[in-house]
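*Asks:* Structure of the sequence below:
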Amino acid sequence: MLSARTLFQEIHANDEAFGLFCSIAAKGEDQGGWENGRIAALVADQHLAPKIARHGADEDKHGRIFNALMHKRGLTPVPVPDDTDYTMILERQGIGLAHARLRRDEQLTEADVITYLAHSRVTEQRASEQMRLLCKIFGDHPEVGRAVRMISADEDNHLAYCHEELLRLAAAGHGRRILDTLRETAKAEIRTYRDVSLAVMAHMGAILRWPKAKVAVLAAGIQVVYLYELLGGWQRMTTLKTPAKRNALGGPATAATFD
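*Replies:* Here you go, the predicted model:
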């Protein structure tokens, strides 16, 4: 029977597949850490800067955790295929703040900050959902359970922070810009998530020698998820509500001891 649980367990059981999975995840987290670090240095809003810095520190920590999980199994990071690089594929579509912009020592505008927060609100929704799924599958696992629980809690905090800060900016008169940016970002994200999911599935299928029928069924499932999101599921990424946990990034990042 094909299920998310059996697929992730199959990936986890194979060193090559697990190494690729962790390498993809670690690279995305490292990119997020760098981006948030640069944004924190360039933003003028001193209310926001330390929260962005905390966000970046969390992403850096997640990258270290995925690398540590590989290290514990005697694995080393592998090159990440371009078609699985979710972060950079979004950037090439003009979603979020471009790396070229972040490399300039030029203060970010309020419009830049909205672009950043809207991008984060959408992508952290995806990250939060994925990590909750991994917690259901591996939350009690002796090797990876603590890691996925810690990352999941952080992603929930990141999502809460994005809601809170975007609501603050909406109250200051930026509601229309925020809504338009969220919609543009969400529609690009669901396409990118579909394409990256298909690419990851193809790479894993090659490693694990999945039969063509299994690959076809998995590809069809990915397309069904995309169709659901295209027909309205994307709207869950564009709503804003006051989070249950306020000031979620108001303190220092928690340490990770997985090395």
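
*Asks:* make it CA atoms for all contacts and neighbour counts henceforth
*Replies:* OK.

*Asks:* what's near enough to touch Asp112?
*Replies:* Leu97 (CA atoms under 8 Å, 6 or more residues apart in numbering).

*Asks:* where does it land on pLDDT?
*Replies:* What the model reports as pLDDT for Asp112 is 97.

*Asks:* tell me which element it is part of?
*Replies:* Using DSSP states H and E, Asp112 sits in helix 110-138.

*Asks:* So what's the gap between that helix and the chain middle?
*Replies:* Helix 110-138 has its C-alpha centroid displaced from the chain centroid by 5 Å (CA atoms, centre = their mean, to the nearest Å).

*Asks:* now stretch 3-16
*Replies:* 20 Å.

*Asks:* re earlier: residues of whatever helix or strand comes next after the helix holding Asp112 that come out buried?
*Replies:* Using DSSP H and E, the next helix or strand after helix 110-138 towards the C-terminus is helix 145-169. By neighbour count on 16 or more other CA atoms under 10 Å, the buried set for helix 145-169 is 145-152, 154-167, 169.

*Asks:* so how far is the helix or strand just after helix 145-169 off the chain centroid?
*Replies:* The helix or strand immediately downstream of helix 145-169 is helix 175-208, counting by DSSP H and E. From the chain centre to the centre of helix 175-208 is a distance of 10 Å (CA atoms, centre = their mean).

*Asks:* I'd like to check the angle between whichever helix or strand comes after helix 175-208 and helix 175-208, please.
*Replies:* For helix 175-208, the succeeding helix or strand toward the C-terminus, using DSSP H and E, is helix 212-230. On the basis of axes from the mean of the first three to the mean of the last three CA atoms, to 10 degrees, helix 212-230 is oriented at 180 degrees to helix 175-208.

*Asks:* how much distance is there from helix 212-230 to the middle of the chain?
*Replies:* With CA atoms, centre = their mean, you get 21 Å for helix 212-230.

*Asks:* do stretch 65-81 as well
*Replies:* Per CA atoms, centre = their mean, the centroid offset for stretch 65-81 relative to its chain is 18 Å.

*Asks:* Contacts for that stretch, please.
*Replies:* Everything outside stretch 65-81 that qualifies as a contact, by CA under 8 Å, 6+ apart, is 15, 18-20, 22-27, 143-144, 147, 256, 258-259.

*Asks:* and with 7 Å instead?
*Replies:* Applying CA atoms under 7 Å, 6 or more residues apart in numbering, the contact partners of stretch 65-81 are 19-20, 22-26, 147, 258-259.

*Asks:* who's in contact with stretch 88-104?
*Replies:* By CA under 7 Å, 6+ apart, stretch 88-104 touches 38-39, 115-116, 119, 185, 192.

*Asks:* Tell me which two in the residues you listed are the farthest apart.
*Replies:* Pairwise distances among those were taken by CA to CA; the largest, 23.9 Å, belongs to Arg38 and Thr192.

*Asks:* In the protein, where is pLDDT below threshold?
*Replies:* Along the chain, segments meeting pLDDT under 70 span 1, 253-259.

*Asks:* rerun that using 90 as the cut-off
*Replies:* Along the chain, segments meeting pLDDT under 90 span 1-3, 143, 250-259.

*Asks:* Closest to the centroid, which residue in it?
*Replies:* Against the mean C-alpha coordinate of the chain, by CA atoms, centre = their mean, the closest residue is Ala127 at 4.1 Å.

*Asks:* was I right about it contacting Asp154?
*Replies:* No: with contact defined as CA atoms under 7 Å, Ala127 does not reach Asp154; the gap is 9.9 Å.
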